[in-house]
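Visitor: take this sequence and fold it.
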Amino acid sequence: MAGSESSSLMNLAKMVVVNATRWLCLVSFATCLSGAPLAVQGKSTAAAETLQDDSTPTLHVYRSLLQVPALVLRPNGDRLKTPISDTRFSVSLDSGPWFPATHVRPEGDDPITLSILLDLNGDGRSLVPKMVQAIANLAPKSLLPQDHVSVYSLGCSLISGASHFPADSAALKRAINGVLASSTERNNMKQATEVADRDCGQKVHLSDALTKLTEDFHKFPGRRVMLVLSDGNDEGSAVTRNQVIEAAQAASVAIFGFKYSPDTTSTPTENPLQSRGEYGISTETEQPAELDKANPFRSLCELTGGTARLVSPKTLNSRLKGFTAMVRERYIVEFPRPLNGKSGRHEIAIRIDQGNYFVRSTGITFPLMSPAVMADPTTVPSNPSLAPSFGSPSPTRGPQ
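Guide: As a prediction, this is how the structure comes out:
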């Protein structure tokens, strides 16, 4: 009897091994936002085909949850004071039916891949003396050891400094000093801020530089974020603003902008974009928090899932810490892979019930499921009742 039981257990163990479930995740990430294009790739990976064994029946289980980082702020642009329940998030694709998100969580300490661009053209040069130490101070509390940073400067040309290095205060300082010295061909920081504008020949402009940085992001993992210190002016790029937005969407890059504003001693004024005190009067007397809504630099940032702020020498440190806090406080919204998707650009919208919020999301691209895989009798499809469906995409709609 004991021998029979032992033999049965061995046979059962063999069956478990032969019919072992194999997991395959076909999800990849890219860029989009509330009301902005979502890219769906027409070809899926061939990994599933290599898993099939002619002599061994295999159960294919496809994990099809997609993730979208969403920046959620108060209507005046301030950070939230209380967290939002995940049950209040809904998603719509191409103006299709709204469906509840499967899961929502704060981004928290997810690894960040950060590119910093210091535009030395215009008034932004006034911040350079304080910028080096202010950025270095972000580590190790705001930028964590698992985060990686690349540093660039833009003067007459785009200078690439240290690339994809772990966030460390000393390393940040060396990297920024390096690109500034290279950009001005001087090592003295005072001289770097006093370099006069001159004929640069084949000058690199802001949109061209942002496109180059976005292309560099493709080889790096993590939540992709770009911090741009610039006046936002661009009068000579070969690339248009919409092309920059589309490239950022395709690479899952959220752009956050800082535009220089001088320190002032003006009295508080009413402004819907400012932080407000008890009587609706701004509590930040030197400047509003954000650019005007019609500013092209602000709209570029928001249409990639970020936002833009004004920054002065006095507010530089607090603005930088606020930037990293906003990134950490983004919500990661998960939902199932759509079943009726076609390759091309689509739109995704995220809403939060029972409240008025400023929502900007960085979107995704993902491969469609291979028809051969879906037709395979050993493939277990997703439950159609749980998957969202696309509406009717607008063929002419681009970044707005």
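Visitor: can you give me the mean pLDDT across stretch 123-135?
Guide: Per-residue pLDDT over stretch 123-135 has a mean of 86.
Visitor: buried residues in that stretch?
Guide: Buried positions in stretch 123-135, judged by neighbour count with 16 or more other Cβ atoms under 10 Å: 124, 125, 127, 128, 131, 132, 134, 135. In this view, the C-beta of every residue, glycine as well, is placed from N, C-alpha and C.
Visitor: what does stretch 219-231 give?
Guide: Residues 220, 222, 223, 224, 225, 226, 227, 228, 229, 230, 231 are the ones in stretch 219-231 that count as buried (16+ other Cβ under 10 Å).
Visitor: which pair of those residues spans the longest distance?
Guide: Among those, the pair separated by the greatest distance (Cβ to Cβ) is 222 and 231, at 28.5 Å.
Visitor: filter the buried residues of stretch 219-231 down to the ones in strands?
Guide: Using DSSP state E, the subset of those located in strands is 223, 224, 225, 226, 227, 228, 229.
Visitor: closest one of the buried residues of stretch 219-231 to residue 260?
Guide: Using Cβ to Cβ, residue 231 comes nearest to residue 260 of these, at 6.3 Å.
Visitor: in this structure that closest one contacts residue 257, no?
Guide: No: the pair residue 231 and residue 257 does not pass the contact test of Cβ atoms under 8 Å, sitting 9.9 Å apart.
Visitor: what about residue 310, how many residues nearby?
Guide: Residue crowding around residue 310 was assessed by other Cβ atoms under 10 Å; the count is 22.
Visitor: can you show me the strands along the stretch 301-400 of the chain?
Guide: If DSSP state E, counting those that start in this stretch is used as the criterion, the strands of the stretch 301-400 of the chain fall at 308-311, 331-336, 344-352, 358-361, 365-367.
Visitor: which of the ones you listed sits most buried?
Guide: Among the strands of the stretch 301-400 of the chain, judged by mean count of other Cβ atoms under 10 Å, the one packed with the most neighbours on average is strand 308-311 (a mean of 24).
Visitor: could I get the CA-only coordinates of that one as PDB?
Guide: The C-alpha trace of strand 308-311 is given here as PDB (Å, rounded to 0.1, in the frame of the first residue of the first chain):
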ATOM      1  CA  ALA A 308       5.400  74.000 -15.500                       C
ATOM      2  CA  ARG A 309       6.300  76.300 -12.700                       C
ATOM      3  CA  LEU A 310       7.900  79.700 -12.300                       C
ATOM      4  CA  VAL A 311      11.100  79.700 -10.300                       C
END
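Visitor: what's it packed up against?
Guide: Taking 3 or more Cβ pairs under 8 Å, 6 or more residues apart in numbering; DSSP states H and E as the contact definition, the neighbouring helices and strands of strand 308-311 are strand 253-260, helix 296-302, helix 316-328.
Visitor: output the ones you listed in a markdown table, with mean neighbour count and distance to residue 161 appended to each entry.
Guide: A markdown table is the format used below for those (neighbours: other Cβ atoms under 10 Å; distance: least, Cβ to Cβ, whole Å):
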| stretch | mean neighbour count | distance to residue 161 |
| --- | --- | --- |
| strand 253-260 | 26 | 18 |
| helix 296-302 | 21 | 22 |
| helix 316-328 | 18 | 18 |
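Visitor: any chance of those in CSV, with mean pLDDT too?
Guide: Below are the helices and strands packed on strand 308-311 laid out as CSV (pLDDT from 0 to 100):
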stretch, mean pLDDT
strand 253-260, 94
helix 296-302, 93
helix 316-328, 95
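Visitor: dump the residue contacts of the nearest residue to residue 105 once chain neighbours are set aside.
Guide: Ranked by Cβ to Cβ, 6 or more residues apart in numbering and with sequence neighbours excluded, the top spatial neighbour of residue 105 is residue 332, at 5.4 Å. Under the criterion of Cβ atoms under 8 Å, 6 or more residues apart in numbering, the contact partners of residue 332 comprise 67, 68, 69, 70, 104, 105, 106, 107, 110.
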